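Chemist: Sharing a model that was predicted from the sequence below.
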Amino acid sequence: MPHLRRRSLLTGAVAASAGLLLAACGSSSGSSGSSSGDNSGAVNQLSGQGSNSPYQGVNLGRTFDKPAATLTDTSGKPFDIAKQTAGKAVLLYFGYTHCPDVCPTTIGDIAVAISKLPKAQQKSVEVVFVTTDPARDTPATLRSWLNSFNSGFIGLTGDISTIIAAAKSVGVAVEAPTKGQEPVHGAQVLAYTPTDNKAHILYTSGTTSATYLHDLPLLIKGVTA
């Protein structure tokens, strides 16, 4: 099995506002675990730690609009991220279905948290998963994979350049897949409130379902971070 390498990628969009540690995941076949080819960036103190925010997630210190991008959903129809999730609490994540651990763990923890919410609240949050490996993640593949967590989760695919631009607009680092190497992408989840359609909170890789369960009711209500 390919060795999974963790990377810290600090993107320009986030660096311009608050210093954030953006964990990323990816693997390279034949890797021995050395740091060769590692895209490591500076480790900066997470914004919002120690603040009075009611959220357990990371306070971004500034807001991010939803990506102004139209991709393709799992039914093969165009999906305008900003327009079709307007007025909803949204968790946005970039990843890929054959990721060996980070992506399924993240989506799984979110799914567990949502399953523990009251039914009315479950319907008030949208989870949007954008593939970083569109060559392999067809709409059918995305749908099958997401259904194993929650059939209501939204899966999106499209041209890799559009996906990279969409990710960059919200401070998430995504690299185009290259032969012999698994896709590299920022492993953070961005949380958007329904009141202003902006991301105020970020969840890093390893965030527990308990944290999501604590924060989701606040997010649904549009509580200020």
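Modeler: Happy to help now that I have it.

Chemist: tell me the SS of F94?
Modeler: strand (DSSP: H, G, I helix; E, B strand; the rest coil).

Chemist: Give me the buried positions along the helix or strand where A111 lies.
Modeler: In this assignment (DSSP states H and E), A111 forms part of helix 102-115. By neighbour count on 16 or more other C-beta atoms under 10 Å, the buried set for helix 102-115 is V102, C103, P104, T105, T106, I107, D109, I110, A111, V112, A113, I114. Glycine gets a C-beta too; all of them are placed from N, C-alpha and C.

Chemist: That one: what's the following helix or strand?
Modeler: Downstream of helix 102-115, the next assigned helix or strand under DSSP H and E is helix 119-122.

Chemist: Quick check: which helices or strands does that next one pack against?
Modeler: Judged by 3 or more C-beta pairs under 8 Å, 6 or more residues apart in numbering; DSSP states H and E, the packing partners of helix 119-122 are helix 209-221.

Chemist: which residues are contacting the helix it packs on?
Modeler: For helix 209-221, contacts defined as C-beta atoms under 8 Å, 6 or more residues apart in numbering pick out 54-57, 89, 91, 109-110, 112-114, 116-117, 121, 124-125, 191-194, 201, 203.

Chemist: can you check stretch 70-79 too?
Modeler: 80-81, 130, 139-140, 142-143, 146, 154-158, 162-163, 166.

Chemist: Restricting the selection to alpha carbons, write stretch 92-100 to CSV.
Modeler: The C-alpha atoms that make up stretch 92-100 are tabulated as CSV, following Å, rounded to 0.1, in the frame of the first residue of the first chain:
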residue,chain,number,x,y,z
LEU,A,92,-17.3,22.2,2.1
TYR,A,93,-14.5,19.6,1.6
PHE,A,94,-12.1,18.9,-1.2
GLY,A,95,-10.9,15.3,-1.5
TYR,A,96,-11.1,12.0,-3.4
THR,A,97,-12.9,8.7,-3.0
HIS,A,98,-10.0,6.3,-3.1
CYS,A,99,-8.1,8.3,-0.4
PRO,A,100,-6.9,5.6,2.1
